[in-house]
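>>> For reference, the sequence and a predicted model appear below.
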Amino acid sequence: MRSVLMSLIVGVDDCSSESDVIVVPSALDFVSQDDMLTPLGRLDKYAASENVFNRQMVARSLLDTLREVCDDERECIAVLERISRLADDSEPTVRAELMEQVPHIALFCQENRPAIPYAFSKYLLPIVVRYLADQNNQVRKTSQAALLALLEQELIERVDVETKVCPVLVELTAPDSNDDVKTEAVAIMCKMAPMVGKDITERLILPRFCEMCCDCRMFHVRKVCAANFGDICSVVGQQATEEMLLPRFFQLCSDNVWGVRKACAECFMAVSCATCQEIRRTKLSALFINLISDPSRWVRQAAFQSLGPFISTFANPSSSGQYFKEENKSSEDTSVEDKNSSEKIRGADAPEDIEARPPGGDSSVHLEETLAEGAETLRQPPGELSAPAESSSPLRLSPEPPPDAAGSEEEREPCACGLASQPEAGTGAQDSAPLDQELYNSFHFWRTPLPEIDLDVELQQGSGSEPGPQGLDVEPEVPAPGSASITMATRKELEEMIENLEPHIDDPDVKAQVDVLAAALRASSLDAGDEAGEAPRRAPQDELPSCRLDHDAAGPLISEETMDSALHYIHNDSDSGTSSGFSPDEERRAKVQDVVPQALLDQYLSMTDPSRAQTVDTEIAKHCAYSLPGVALTLGRQNWHCLRETYETLASDMQWKVRRTLAFSIHELAVILGDQLTAADLVPIFNGFLKDLDEVRIGVLKHLHDFLKLLHIDKRREYLYQLQEFLVTDNSRNWRFRAELAEQLILLLELYSPRDVYDYLRPIALNLCADKVSSVRWISYKLVSEMVRKLHRAAPPTFGADLIQELVESFGRCPRWSGRQAFVFVCQTVIEDDCLPMDQFAVQLMPHLLTLANDRVPNVRVLLAKTLRQTLLEKEHFLTSASCHQEAVEQTIMALQMDRDSDVKYFASTHPASTRISEDALSTASSTY
């Protein structure tokens, strides 16, 4: 046993007996032997070792060896050659260790050996490419990571990518390749596509990628292709995407494996961004609907998560409401925008709409064309108008009746008013019902109802009919075939609408709506011949100066389809808060718009349905809330009525995470909607968030300034009374809440008058200056200093003087040392940020500051010494002018230099590098939380 213990002792003699001494070689002897070897000798020695760990050590030390021999080009090449031999090691761990060092070695060769630029291409790149097909999974993964790192750092020449990398990857994805290797090679091809660019991707990667999308044997390959489909589309561009990739994408979206379809749903937005608007609307929309209704719950879940981002790809500045209210917009921009909007209504809304239209719809004048293309009619050639430009008699233009009352659709002309196309002769009510849906469009929601409609009606009437032989004053004695008069039920509905709106007649918007309804009711009364009975419901003649009706016209002045559209406009006006008791079908029509396919919007609105949480995803409402600002921006503020109910539902959701998501984005939504809709629809929800949980309130608080600056000043002042409530939190230890409040109050100073700042923001700021947590106090010092700046510049400056006096009383003479220290911090911030002119500071604050030189607490004196020496004396006012104030400062500093505390002496005598308030606070002992 003794001999065993002795054998463990290295280089130490046993003093008991000389015979027991066992001399063991020291480890230093081996170290000295290695030191005698050259770097290449050591490399060769351990690379030939049978010990795996020695060979691993060689792989780790390759970069250090290169640094040692970097001055000799021949030795550098020798090291690279030994790397090639080491790459043939039979142990996978050695090969993996070597591959981890390759990116570092390549970067070293690129930076330090410009004389051998071929080093990487000749010695290292072949190893990386060869390891992509290694039998060991760890080695393959390491080589894949190394290849991507080399491509990202642009260490591989473009010619090498084309001749050495891409051919190997294409070969690895051959049909007879190993399954795992093929899957990994496809993934590498997809990840390297953005790095190598469009040209190489289209020529070398895209053909094989398309083949892999149709791999019938391995769904793993198809899944990888589907997951990276969006990246490939974004690289190759629109043309290649539409011609080569979209057919494959359609196949992947209908794959038998739900994982492939789920991957397609997750990348749908990226694919949509690489296609044109027409394909996005006509093909991708229907494909996405299939994914939303997929049998697999996981596919539906991924599809609903991507629904909002997919809808956002339909965003079009010409159809968004961002500049609907811009008065300085040129007429040409307006006409082009209206034309684009009408074209979307006619041809790109949904295939069902196109199929439901009658064959002769092109020869009739649709209501959406009347409203949307009124400005374009002004520019039509005179030959296309039924009346010359000199005509100034609105609603007197009556088209010549068709010669054959039972003629074909091509021969029928619009009715007298020209507001809507007429149903086919002999068709019943069920045949005209689809026309109601066709004639309806969201343009009615925001079109100014009175004079513009009359002008557009006149011009569109002229453009929609050929001039008759009798000229402009042709008044047919019989109504046009197929025209339908307003029924008693429609007139009764008009009366009920007016009765519901009369209590709100004080609102100018509601009054305009009543005028429109009254005019429509009057027109229907004239047409039915019962003008006397409907007189109490009519609008006065002088209220509608442009509606000069032809009392002798036998044709109906307004069609039933037009009346339905007018009713929808009144019911769904975004500024009207009244309820008109519409049927569920009419409520559904109220959410119709023309920006995105209606089926997509309907699915998005259904995400708040409680049944969706059970059948799709419990977090589906959160995904809906997260993407709602993007959807609102895409639809535009003129279509906000489509989302209003959904937004209110989300704002009252039981999950606080949903409400928190809305709270963090409500300021962005306010920018999208504008001040009027924000005041009407967002302010009540904003007020609710202010009283919610702290997790929700923090979202509102972080963007409080961004939201309040969008409100009218009177509405903004109402929140002055509620700012104090932010000081109260559910958890008193939530100090970050108070810190965020202080930062927001700094921004809010510009939104309020000096009196409001003094009356409402000052108490909060002083309260925060005395907070228990130092981080809150540091931000509050900045807040108080900015408040001093604003109030000092106000006229009269009495508010600033009163604030300074309160600072002196509450903090400068505070019985607690932390309060007096806070006063010094505030003075330091005021000096650093030039919140007060130095002459004013010397009079109002400096005398009280200098009295703290005799404070009994060293912490206060230390901070005072730093403030005077590092901040105050650096100002130009005290450097160039000799005054009594400067003399008082110098005397105070001299007194501090003789202080009994060593720290006070130090800071009063030297100039440390740190002059920032936060660093001062960190280096000064203070009470912290």
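Cool, got the structure.

>>> Tally up the residues packed near Arg755, please.
11 (other C-beta atoms under 10 Å). Any C-beta I mention is one placed from the backbone N, CA and C, and that applies to glycine too.

>>> gap between it and Met192?
Computed with C-beta to C-beta, to the nearest Å, the distance linking Arg755 and Met192 is 64 Å.

>>> same thing with Cys253?
In this view, Cys253 and Met192 are 25 Å apart by C-beta to C-beta.

>>> Likewise for Ala48?
Counting by C-beta to C-beta, the gap from Ala48 to Met192 is 36 Å.

>>> Of these two, which one has the most company?
Set side by side, Ala48 and Met192 show more neighbours around Met192, with 23 against 11, by other C-beta under 10 Å.

>>> host element of the more buried one?
Met192 is located in helix 179-196, with elements delineated by DSSP states H and E.

>>> Flag every buried residue along that helix.
181-193, 195-196 (16 or more other C-beta atoms under 10 Å).

>>> before we move on, what about stretch 840-858?
For stretch 840-858, by 16+ other C-beta under 10 Å, it's 840-842, 844-846, 848-850, 852-853, 855, 857-858.

>>> Mind checking which of these are in helices?
Counting by DSSP state H, those place 840-842, 844, 846, 848-850, 858 in helices.

>>> Can you get me a residue count around Gln603?
Neighbour tally, Gln603, other C-beta under 10 Å: 19.

>>> Next: Cys210.
Cys210, neighbours per other C-beta under 10 Å, totals 15.

>>> Just to check, it is in contact with Arg248?
Yes: applying C-beta atoms under 8 Å as the test, Cys210 and Arg248 come out as touching, 5.5 Å apart.

>>> Let's see the helix or strand hosting Lys790 as PDB, backbone CA atoms only.
Taking DSSP H and E as the definition, Lys790 sits inside helix 774-793. Extracted in PDB, the C-alpha atoms of helix 774-793 (Å, rounded to 0.1, in the frame of the first residue of the first chain):
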ATOM      1  CA  SER A 774     -33.300  55.100  -7.300                       C
ATOM      2  CA  SER A 775     -33.900  54.300 -11.000                       C
ATOM      3  CA  VAL A 776     -37.300  56.000 -10.800                       C
ATOM      4  CA  ARG A 777     -35.800  59.000  -9.100                       C
ATOM      5  CA  TRP A 778     -33.100  59.500 -11.700                       C
ATOM      6  CA  ILE A 779     -35.600  59.700 -14.500                       C
ATOM      7  CA  SER A 780     -37.700  62.000 -12.300                       C
ATOM      8  CA  TYR A 781     -34.800  64.400 -11.900                       C
ATOM      9  CA  LYS A 782     -34.800  64.800 -15.700                       C
ATOM     10  CA  LEU A 783     -38.500  65.300 -15.600                       C
ATOM     11  CA  VAL A 784     -38.300  68.100 -13.000                       C
ATOM     12  CA  SER A 785     -35.500  69.800 -14.900                       C
ATOM     13  CA  GLU A 786     -37.500  69.800 -18.100                       C
ATOM     14  CA  MET A 787     -40.400  71.200 -16.200                       C
ATOM     15  CA  VAL A 788     -38.300  74.000 -14.900                       C
ATOM     16  CA  ARG A 789     -37.200  74.800 -18.500                       C
ATOM     17  CA  LYS A 790     -40.800  74.900 -19.800                       C
ATOM     18  CA  LEU A 791     -42.200  77.000 -16.900                       C
ATOM     19  CA  HIS A 792     -39.300  79.400 -16.900                       C
ATOM     20  CA  ARG A 793     -39.900  80.100 -20.600                       C
END
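
>>> Against which helices or strands is it packed?
Packing contacts for helix 774-793, counted by 3 or more C-beta pairs under 8 Å, 6 or more residues apart in numbering; DSSP states H and E, involve helix 735-748, helix 762-769, helix 798-807, helix 817-832, helix 917-923.

>>> Out of those helices, which gets nearest to Tyr781?
helix 817-832 (4.7 Å; C-beta to C-beta).

>>> in the closest one, what counts as buried?
817-832.

>>> Tell me the one among those nearest to Leu172.
Glu832 (63.0 Å).

>>> Was I right to think the closest one contacts Thr871?
Yes: in this structure, Glu832 is within contact of Thr871 by C-beta under 8 Å, at 6.0 Å.

>>> Could you single out the most deeply buried of the helices and strands packed on helix 774-793?
helix 817-832 (a mean of 23; mean count of other C-beta atoms under 10 Å).

>>> angle of it against helix 762-769?
Here the directions of helix 817-832 and helix 762-769 differ by 110 degrees (axes from the mean of the first three to the mean of the last three C-alpha atoms, to 10 degrees).

>>> downstream neighbour of the helix or strand harbouring Leu600 in the secondary structure list?
Leu600 belongs to helix 598-605 when assigned by DSSP H and E. Per DSSP H and E, the first helix or strand lying C-terminal to helix 598-605 is helix 610-615.

>>> From Pro167, how far out is Ala240?
Distance from Ala240 to Pro167, by C-beta to C-beta: 21 Å.

>>> more crowded one of those two?
Ala240 (18 against 12).

>>> ok, that one to Lys709 distance?
Using C-beta to C-beta, we find Ala240 at a distance of 45 Å from Lys709.

>>> now Ile505
From Ile505 to Lys709 the distance is 33 Å (C-beta to C-beta).

>>> what's the answer for Gln886, then?
Distance, Gln886 to Lys709, using C-beta to C-beta: 43 Å.

>>> The two: which is more packed in?
Neighbours per residue (other C-beta under 10 Å) separate Gln886 from Lys709, with Gln886 holding more: 17 against 14.
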